[in-house]
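K.L.:
Got a predicted model here, sequence first, then my questions.
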Amino acid sequence: MAPTDAQQACFELGIKFGSLYHQFAGTPISPESAPDFAAAIESAIENQPHCRDVTVEMKTEAIRGAIDADVGYTEFTGEFADVEIVVAYEGIEATAIMEMTDGYPRMRLVSVA
């Protein structure tokens, strides 16, 4: 049985979040570089098929608090950003977010319409 359009839209969200997290986790960031880094993530993920919108809001105060004083930066993990991705597939729009849950960055489906 072929997946429904709604299922395919959700699958596309999974691809986008997987690529976002695994491509960018570990990247050196600082509060000063965070806005440019957020824009780079948005631009890279928006290039993928069916992606309608990506919003990355960096948590600069959390980044500042995690800076290693010896090197002047920290590494990007899910705790440093709020992310929303919207996918449009065959008339279906699906939205998911990344948020911290119990100390772990969780990707959560918000809506499918």
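P.N.:
In hand now; what should we look at? Numbers count the residues shown, from 1 in each chain.
K.L.:
use CA for all of it now, contacts and neighbours both
P.N.:
Will do.
K.L.:
the longest helix in the protein is where?
P.N.:
Secondary structure assigned by DSSP state H gives helix 5-24 as the longest helix of the chain.
K.L.:
What's the first helix or strand after that one?
P.N.:
The helix or strand immediately downstream of helix 5-24 is strand 28-29, counting by DSSP states H and E.
K.L.:
Let me see the mean pLDDT of that following strand.
P.N.:
Strand 28-29 carries an average pLDDT of 97.
K.L.:
Which other helices and strands does that strand contact?
P.N.:
With contacts taken as 3 or more C-alpha pairs under 8 Å, 6 or more residues apart in numbering; DSSP states H and E, strand 28-29 sits against strand 74-75.
K.L.:
what residues does the strand it packs on touch?
P.N.:
With contact meaning C-alpha atoms under 8 Å, 6 or more residues apart in numbering, strand 74-75 is reached by Ala25, Gly26, Thr27, Pro28, Ile29, Ser30, Ile63, Ala66, Ile67, Asp68.
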